[in-house]
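Asks: quick one: sequence and predicted model below, then my questions.
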Amino acid sequence: MRKLKMMTMLLVLLALVLPLSVFARDIEPIVSTDWLEKNLSNPKLILVDIRKPEEYKAGHISGAINVFYNSWAVKKGALDNQLPSDDDLKDLLSASGIQPDSLVVVAGLTETGPDRVNSTRVGWTLKYAGVENVGILDGGHNKWINREKRSVSTDVVRPKAKPYRGKFNKDVLATKDYVMAQLGKAIIVDTREPDFFMGKQKLPFVEKAGRIPGAVNLPTAQVFEKYPPGEHLEMCCNTYKDKSALANMASGVVGNDKSKEIIVYCDTGRVASGWWWILHEVLEYKNVRNFDGSMQEWAMDPKAPLQP
């Protein structure tokens with residue numbers, strides 16, 4: 001009798017837990033244009049077009065709302081591409097009708113390096129805010145509109161505003177002080193190109209060249225397939241490499257221990273969001289943070305050590 005009761009309790013617990021695990025997989029972290037087209041009528045789907053308003057109005061995927069990238073990553077003092085305040089982010093999500101259980105697909109452009117990471121930067125912000133099911137449209141609008149010639153709409157979609165009640169997940173964020181405290185403990189990943197990692201180059205808004213001591217290099221540009229030489233820029237999809245290729249790249253630099261803490265950074269936290277997305281969402285490393293201030297903030301602080 002006792003065994004029967006225990007078995008019953010286990011079945012009840014599984015019944016409670018399984019729907020949550022299934023729900024968490026309602027959307028892949030990288031979604032294909034085929035998947036999106038088949039799911040456009042899903043009432044829980046919110047498709048977020050992060051292009052400029054004029055680009056959205058010229059033609060967008062049917063049903064998409066327009067919330068421009070700069071709404072999700074703002075300037076704070078001297079720092080670029082920063083998280084909005086929690087209150088401002090709640091207001092943005094509420095105005096967009098996004099809820100913690102929404103299925104959100106982020107669709108941007110893929111022509112340039114910044115274009116390609118804008119989508120993951122918005123995706124990371126949504127995960128920070130507690131939205132569970134977020135996907136990035138593979139190839140973005142360049143693939144949907146320019147290469148595949150799928151249908152578009154010019155009807156402006158007004159989101160249905162609803163107060164956002166999600167619980168923020170601040171474990172995906174690393175502050176400068178947090179990074180300082182984790183030096184020598186966490187795996188610090190510099191996602192910039194090798195010349196920046198080696199201190200041979202720097203961007204004008206970064207005060208000093210160099211890298212965070214002990215950092216390893218895993219450039220975000222490497223997660224994308226190279227488009228055919230000579231192809232017109234607007235036709236370039238720059239889709240993600242397959243999961244096995246991404247796993248090989250990651251494990252070769254950060255190892256296979258998916259419980260080990262990893263902190264990714266770049267110059268402003270935008271480019272680093274590309275590898276954050278791959279490591280945390282696609283490859284399921286459990287403890288990955290993005291240093292939002294990144295090298296722009298680090299190099300300003302005379303107490304922050306730099307490795308040339």
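Replies: Yep, it's here.
Asks: where along the protein do the strands fall?
Replies: Under the criterion DSSP state E, strands of the chain are mapped to 30-31, 45-49, 65-66, 74-76, 79-82, 103-107, 133-137, 173-174, 187-190, 216-217, 262-265, 288-291.
Asks: switch these over to CSV; also include distance to Q201, mean neighbour count and mean pLDDT.
Replies: Quick note: C-beta positions are derived from backbone N, CA and C, even for glycine. Shown next, in CSV, are the strands of the chain (distance: least, C-beta to C-beta, whole Å; neighbours: other C-beta atoms under 10 Å; pLDDT from 0 to 100):
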stretch, distance to Q201, mean neighbour count, mean pLDDT
strand 30-31, 30, 20, 98
strand 45-49, 33, 23, 98
strand 65-66, 35, 20, 98
strand 74-76, 23, 13, 97
strand 79-82, 18, 20, 98
strand 103-107, 30, 25, 98
strand 133-137, 28, 25, 98
strand 173-174, 24, 22, 98
strand 187-190, 13, 24, 98
strand 216-217, 13, 14, 98
strand 262-265, 16, 28, 98
strand 288-291, 19, 27, 98
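Asks: in TSV, list those along with distance to D155.
Replies: Shown next, in TSV, are the strands of the chain (distance: least, C-beta to C-beta, whole Å):
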stretch	distance to D155
strand 30-31	22
strand 45-49	12
strand 65-66	11
strand 74-76	28
strand 79-82	31
strand 103-107	16
strand 133-137	19
strand 173-174	36
strand 187-190	42
strand 216-217	45
strand 262-265	38
strand 288-291	35
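Asks: K127 is in contact with V172, isn't it?
Replies: Yes. Using C-beta atoms under 8 Å, K127 makes contact with V172 at a distance of 5.8 Å.
Asks: who's more crowded, these two?
Replies: K127 (23 against 19; other C-beta atoms under 10 Å).
Asks: what's the neighbour count on F205?
Replies: Neighbours of F205 using other C-beta under 10 Å come to 13.
Asks: how much space between it and E297?
Replies: 11 Å (C-beta to C-beta, to the nearest Å).
Asks: and P194, by the same measure?
Replies: 22 Å.
Asks: these two: who's more crowded?
Replies: E297 (26 against 11).
Asks: that one: what's it in contact with?
Replies: 79, 176 (C-beta atoms under 8 Å, 6 or more residues apart in numbering).
Asks: quick one: it from I187, how far?
Replies: Distance from E297 to I187, by C-beta to C-beta: 20 Å.
Asks: per-residue pLDDT, the nearest residue to N217 once chain neighbours are set aside?
Replies: Leaving aside its sequence neighbours, N217 sits nearest to F197 (C-beta to C-beta, 6 or more residues apart in numbering; 4.4 Å). The predicted structure scores F197 at 98 on the pLDDT scale.
Asks: number of nearby residues for F197?
Replies: Other residues within reach of F197, judged by other C-beta under 10 Å, total 20.
Asks: and if you look at K303?
Replies: Neighbour count for K303, taken as other C-beta under 10 Å: 6.
Asks: against K176, how distant is it?
Replies: In terms of C-beta to C-beta, K303 sits 10 Å off from K176.
Asks: which residues of the protein score low on pLDDT?
Replies: 1-25, 227-236 (pLDDT under 70).
Asks: might you report the residue contacts of the residue nearest the centre of the chain?
Replies: Per C-alpha atoms, centre = their mean, the C-alpha nearest to the average position across the chain is that of T120, at 2.7 Å. Residues near T120 by C-beta under 8 Å, 6+ apart: 136, 273-274, 276-277.
Asks: is it true that T175 touches G293?
Replies: Yes. Between T175 and G293 there is a contact at 7.2 Å, judged by C-beta under 8 Å.
Asks: and those two? Which one has more around it.
Replies: Set side by side, T175 and G293 show more neighbours around G293, with 24 against 14, by other C-beta under 10 Å.
Asks: pretty sure that one sits against L83.
Replies: No. Assessed by C-beta under 8 Å, G293 is found out of contact with L83, at 10.0 Å.
Asks: next one: the residue nearest to the centre of the chain from S96, what distance?
Replies: T120 is 18 Å from S96, by C-beta to C-beta.
Asks: and the closest residue to I188 other than its chain neighbours, how far from A181?
Replies: Spatially, and ignoring its direct neighbours in sequence, I188 is nearest to A215 (4.3 Å; C-beta to C-beta, 6+ apart). Separation of A215 from A181 (C-beta to C-beta): 15 Å.
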